[in-house]
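**Q** generate coordinates for the sequence data below:
(chains A and B)
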Amino acid sequence: MTGLTRTTTLKNRPMRTEVVIKFTGYVLLFNALFLLIAFFISLFHGETSTIPLLFSGLICIIFGAFPFIFVEDQDNVSFSEGLAIVVGGWVITCIIGMLPYIMWGGEFSLVNAWFESVSGFTTTGSSILNNIEALPKGLLFWRSATHWIGGIGIVMFVLLILPQSTSSRLTLLNAEMSELSKLNFRYKARKIIHVLIIVYVGLTAVQTLTLWALGMSLFDAINHSFATIATGGFSTKNSSVAFFKSPSIEIVIMIFMVLSGMHFGLLYGTITGRAENIFKSSVAKSFIVILLLGILLVSAKLYFSGYYNIWDSLRFGSFQVISLGTTTGFATADSNPWPAFTHIILIYFTIQCAMVGSTSGGLKFDRVYLFFRSLRKQLKLIQHPRAVVVVKINNRVISEQLEALTMVFVVLYIFTFFVTTLVLTSLDVDLYTAFSASIATIGNVGPGFGDVSSLANFSTLPSTGKFVLTLNMLLGRLEIFNIIALLMVRKGNF
Amino acid sequence: MKKSLKLKILSGFLLLVALLFVAGTESIIEFNKLSNSFTELIEDNYKTIEASRTMLEALEREDSGILLIMLGKTAKGQSIILSADSSFMAAFRTAKNNITESGEDIRIVRIEESYHTFKQKWQERFFLKSSAYDDIEFYSNDVHRTFLEVKHAVNELMSLNQNSMHSEAVILKDKSHRAIMPGIVAIVGALVFSLLLSFFISKYYISPINQIIQAIKTFHPRDKVLRTTIKSEDDLKQLEVEVNNLIDRLNKNNYPQK
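**A** This is a model prediction of the structure:
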């Protein structure tokens, strides 16, 4: 069969539900692995979360293994099936992820457990917990593990172990990664997956060892590394990173937050001495420059407004800018009482987010970069209507289709958080809290301002509001278009 | 690997049974823990709280007895005091034999010591000596003061156990939640599982059977094989193969064709 014929056949073929269920089974089995690790931690410490974690793990195994009895090995996953696997995998994972919470009880009602699970997997890092330290260690590990599983994309780990053909792997990879993020990968599908996993696991291991060496307990070091590399933000402490009162720990976390906010392909290129590296990428350089500018402005304002001395202004200002600018969401200080000027800058970083190809969610810096480059192109075309103007990123011409897609993405993104803000205000949430909670959740950043500030939590929001925000998180993580594309596929418009 | 229909359906049901078994066992374990905790709660705290109440009541009766003696009703007063003392000591022994909370032993010693002093006072004054029963100064400065000390010590013991009981009640609430949840999750899980199982049975058994029926209905003697799209490697595929073999044998034996 020729490539063209096969592509046409795949496009015309109706979606095979059983294939989607089987691939989702792989995702569940991967989750079961972490649930069982959390169970052993709980068992070792003799905690109350032992049985909830064990039962959740068994449910994962039963539902994950069940499709294998019936569904034969399938090949040539179509794009619509790929999308359904990715979206379905995320939703099922979030449902399974809430089971240990809801079975354990405490502060976890049905909505709260769902919120914590979605926030974990989408690496948002917003929490409903008032007392994080009351959680058993097993549950704390599971909470951080949800970040780590979701950080690189749930399907990515599955792709590594998937005994399927290259075409299936490529289809699933296309469904999980955006077009823009693939720009810096000049590898085949399997190599891309390997690069992502190597960088991800490598960064996690190095950060864990560094934090451990700096005096953090091994348990806290692992949990904080999971949350940092996944750009999540769940801490094991009520006062987040501020608990450790250690500038050296804060510096290490800041470095790894920045690294996790960069394109993993560029990081790999930098380490292995390839042409595609951070120093040659105009986007990466711009990202760093804007982060530095943000740090400078926030720190200067904090110092000149008399909030802190010069050292503390730089310390707290830089941590907060990097934390929000990379969509991590850790905190070393309460930014709520800071001047409005700093809030505006931090809100900008909450909207901008980090680079594509990283573990961060939301709009992504590359789209903002491309947006302004396209804007400049349009202005040039107004001046010289007959001129041939193209947008280039890293000396590569960006197609008009990708430009248009990015523009639509930006508009949809803004529209979505506007709608969420509207819904929250209709539930009597104050405007500042509603607005910042909306952008913090769609950007998978975590903390906002007002009632949901860096050292506060989302517990005071109404249940409907919490649920709406979880939809925001999923939309932000799945980059909206995947969901829209899936809906179009279901309606036969794709 | 070829899996038979029986094995596939059996595996599906076995998983369902495993899910329900685990949930059931877990619920039984948690309910058992809950029951034990409830018994412990009654044993540990409620028993001492009741004993403390009895001690307080006995103390009040002893105080009334003393006042009656001071009013000149000696026989009645003494009888009340002795009866109340007996009640107090019985309740005190219950509390002393039921030390379960940290700090409870200190409070028991305090009660023992203060009651001993109180008892010494009224024994010496109202049982061993026969004069000056109406000495109000002695009552207010000596007897009543020690009476208040005992009462305070008993109240401390009671509030320690009440606070502990309250904390235990919160833990019990969590335990009951953990006992109920596996059942609820298992019910929802079993429902979803049943839906999945029925989907697979429909997809992999009903649909192929219908295909074979349809193919047999539309089979033309000129055809060499049944036209189905069964891909699974199970008994239904085997059935299709066997039907095709039958057709083949019939064709080879030159059975009369229409």
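**Q** can you list the residues of chain B near chain A?
**A** Neighbours of chain A within chain B, by CB under 8 Å from any CB of the partner chain: B:3, B:8, B:11-12, B:15, B:18-19, B:22-23, B:26, B:29-30, B:174, B:177-178, B:181-182, B:185, B:189, B:192-193, B:196, B:199-200, B:203-204, B:231-233. (Glycine included, C-beta is placed from N, CA and C.)
**Q** and with 6 Å instead?
**A** Selection of chain B residues close to chain A by CB under 6 Å from any CB of the partner chain yields B:8, B:11, B:15, B:19, B:22, B:26, B:174, B:177, B:181-182, B:189, B:200, B:203-204.
**Q** tell me the most packed of those, by neighbour count.
**A** Within these, neighbour counts (other CB atoms under 10 Å in any protein chain shown) peak at B:Pro182, which reaches 26 neighbours.
**Q** close enough to count as contact, it and B:Ile28?
**A** No: if you go by CB atoms under 6 Å, B:Pro182 and B:Ile28 don't touch, sitting 9.7 Å apart.
**Q** wait, is A:Glu107 part of a strand?
**A** No: under DSSP: H, G, I helix; E, B strand; the rest coil, A:Glu107 sits outside any strand and is assigned coil.
**Q** okay if I get the residues of chain B next to chain A as JSON lines plus secondary structure and pLDDT?
**A** Below are the residues of chain B next to chain A laid out as JSON lines (DSSP: H, G, I helix; E, B strand; the rest coil; pLDDT from 0 to 100):
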{"residue": "B:Lys8", "secondary structure": "helix", "pLDDT": "79"}
{"residue": "B:Ser11", "secondary structure": "helix", "pLDDT": "83"}
{"residue": "B:Leu15", "secondary structure": "helix", "pLDDT": "82"}
{"residue": "B:Leu19", "secondary structure": "helix", "pLDDT": "81"}
{"residue": "B:Val22", "secondary structure": "helix", "pLDDT": "82"}
{"residue": "B:Glu26", "secondary structure": "helix", "pLDDT": "79"}
{"residue": "B:Asp174", "secondary structure": "helix", "pLDDT": "82"}
{"residue": "B:His177", "secondary structure": "helix", "pLDDT": "84"}
{"residue": "B:Met181", "secondary structure": "helix", "pLDDT": "87"}
{"residue": "B:Pro182", "secondary structure": "helix", "pLDDT": "84"}
{"residue": "B:Gly189", "secondary structure": "helix", "pLDDT": "89"}
{"residue": "B:Phe200", "secondary structure": "helix", "pLDDT": "86"}
{"residue": "B:Lys203", "secondary structure": "helix", "pLDDT": "83"}
{"residue": "B:Tyr204", "secondary structure": "helix", "pLDDT": "81"}
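**Q** tell me the one among the residues you listed nearest to A:Ala84.
**A** Relative to A:Ala84, the closest of the residues of chain B next to chain A is B:Lys203; by CB to CB it sits at 16.0 Å.
**Q** name all residues that make contact with the closest one.
**A** Counting by CB atoms under 6 Å, 6 or more residues apart in numbering or on different chains, B:Lys203 makes contact with A:Glu18.
**Q** if I look at it, how far off is A:Arg16?
**A** To A:Arg16, B:Lys203 is 10 Å away according to CB to CB, to the nearest Å.
**Q** kindly report the same for A:His384.
**A** To A:Arg16, A:His384 is 51 Å away according to CB to CB.
**Q** between the two, which one's more packed in?
**A** Legend: neighbour count by other CB under 10 Å for A:His384 and A:Arg16, higher for A:Arg16 (17 against 9).
**Q** let me know the pLDDT of the residue nearest to A:Gly215 when sequence neighbours are not counted.
**A** Spatial nearest neighbour of A:Gly215, chain neighbours left out: A:Ser246 (6.9 Å); criterion: CB to CB, 6 or more residues apart in numbering or on different chains. pLDDT for A:Ser246: 94.
**Q** phi and psi next, for A:Gly273.
**A** Torsion angles at A:Gly273 (phi, psi; degrees, to the nearest 10) stand at phi 70, psi 40.
**Q** give me the pLDDT for the closest residue to A:Ser463 other than its chain neighbours.
**A** Nearest residue to A:Ser463, sequence neighbours excluded (CB to CB, 6+ apart): A:Val111, at 4.4 Å. pLDDT recorded at A:Val111 is 95.
**Q** give me the residues contacting the helix or strand harbouring A:Val111.
**A** Assigning secondary structure by DSSP states H and E places A:Val111 in helix A:110-121. Contact with helix A:110-121 is made by A:93-94, A:97-98, A:101-102, A:126, A:128, A:143, A:146-147, A:150, A:463, A:466-467, A:470, A:473, as judged by CB under 6 Å, 6+ apart.
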